[in-house]
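> after the sequence you'll find the predicted model.
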Amino acid sequence: MKTISFNLKFQNMFYRITLLSLLFIFSTQIQLSAQINTSSDTPLRVIAIFAHPDDADFKMGGTAAMMAQMGHEVKFLSLTNGNAGHHEKGGGVLANIRREEARESARRLGIVEYEVLDNNDSELLPELHIRKDVIRAIREWNADVVLGLRPNDYHPDHRNAGKLVIDASYMVIVPNVASDVAPVRNNPVFLFMQDGFSKPNPFSHDIVVGIDEVIDTKIMGLDAHASQVYEWGPWTRGISENVPDGASERLEWLRENTFRGGVSDAQLEGLRKWYGDEKASQFRFAESFEIAEYGRYPSDEEIKMIFPMLGQ
């Protein structure tokens, strides 16, 4: 009888411990799905890291503006100062112009910060000291989400900026790497901003955000980069003479020349997944994101937490 009684007590204790362990694991998973690194009672923190001041404005300016409106804290980080991107200006003069343009773009988009590092434009390499700068930036922002470029692109700075972000993933949780800044608690969600390159593999439209309601905000953010959208960019395409002089005429010209393609078939398929067929068919403008394999792989619920506008 004593042996049976002891066994029953042991089994009850085992069941209680198992139940408590499961409850702890379940509550931890709920907490992690609520927000990756920040606490659930603070804004979710997003950082986009790229090569030049204006890269993210083109690729995700609308999404960034919507995230900011919905309470996320969004930061843009340019790894170069943009001091080569012009046909008449250059060096420190151009770098200062582009910093001011970035600052004004941040104000118009409503994001918290637009930082521009002092690496030379067109000379960015995936070197260790810059990788550590990227690691520190992600940690200092305590990022839940990191957005970067894919490492296949026409511009070497774009390729290398993408590689630097990839190389920083996982390392952001390793205490002995860039040890002067404490590691983040969890590896963030890493996403790629959209590109049109197909080799060695095409972009995957995993998450597609309809941005019609903020398209004017995105255009105003791009308009802040006057040295690029009205001077350098048109010059490289041989259409400088087509750029109008008036402010309102320039905005209309920028809209027509930047958003000619509308929503692609691949984007429409992604919009249908997240918004449903009826709402998806109404969008004229969208921005896409690919889930990277190097960070935390988000569930659909976490994706909707990161992108609260999905399905609205």
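Good, I have the coordinates. Residues are numbered from 1 along each chain as shown.
> pull the number of nearby residues for the residue nearest to residue 69 when sequence neighbours are not counted.
Excluding its sequence neighbours, the residue lying closest to residue 69 (CB to CB, 6 or more residues apart in numbering) is residue 110, at 6.5 Å. All C-beta spots, glycine's among them, are computed from the backbone N, C-alpha and C. Neighbourhood size, residue 110 [other CB atoms under 10 Å]: 16.
> quick one, helices of the protein?
2-34, 55-69, 91-109, 128-140, 156-168, 215-223, 226, 233-237, 247-258, 265-275, 277-280, 300-306 (DSSP state H).
> packing partners for the third one?
On a contact count with 3 or more CB pairs under 8 Å, 6 or more residues apart in numbering; DSSP states H and E, helix 91-109 meets helix 55-69, strand 73-80, strand 113-119, helix 215-223.
> export those to TSV and tack on mean neighbour count, mean pLDDT and distance to residue 204?
As requested, the helices and strands packed on helix 91-109 are exported to TSV (neighbours: other CB atoms under 10 Å; pLDDT from 0 to 100; distance: least, CB to CB, whole Å):
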stretch	mean neighbour count	mean pLDDT	distance to residue 204
helix 55-69	25	98	15
strand 73-80	25	99	23
strand 113-119	18	98	27
helix 215-223	21	98	23
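> distance to residue 283 for these - can I get that in a markdown table?
Output for the helices and strands packed on helix 91-109, formatted as a markdown table (distance: least, CB to CB, whole Å):
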| stretch | distance to residue 283 |
| --- | --- |
| helix 55-69 | 11 |
| strand 73-80 | 21 |
| strand 113-119 | 27 |
| helix 215-223 | 10 |
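> identify whichever of those lies nearest to residue 264.
Between residue 264 and those, the tightest spacing by CB to CB is seen for helix 55-69, at 14.3 Å.
> only alpha carbons, please: show that closest one as PDB.
Output in PDB follows, covering the C-alpha atoms of helix 55-69 (Å, rounded to 0.1, in the frame of the first residue of the first chain):
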ATOM      1  CA  ASP A  55      17.300  53.200 -51.300                       C
ATOM      2  CA  ALA A  56      14.600  52.400 -48.700                       C
ATOM      3  CA  ASP A  57      12.500  55.400 -49.600                       C
ATOM      4  CA  PHE A  58      12.000  53.800 -53.100                       C
ATOM      5  CA  LYS A  59      11.600  50.300 -51.900                       C
ATOM      6  CA  MET A  60       9.500  50.600 -48.700                       C
ATOM      7  CA  GLY A  61       8.700  54.300 -48.100                       C
ATOM      8  CA  GLY A  62       5.000  53.600 -48.200                       C
ATOM      9  CA  THR A  63       5.200  50.700 -45.800                       C
ATOM     10  CA  ALA A  64       7.500  52.600 -43.400                       C
ATOM     11  CA  ALA A  65       5.000  55.500 -43.300                       C
ATOM     12  CA  MET A  66       2.100  53.100 -42.500                       C
ATOM     13  CA  MET A  67       4.100  51.400 -39.800                       C
ATOM     14  CA  ALA A  68       4.900  54.700 -38.200                       C
ATOM     15  CA  GLN A  69       1.300  55.700 -38.300                       C
END
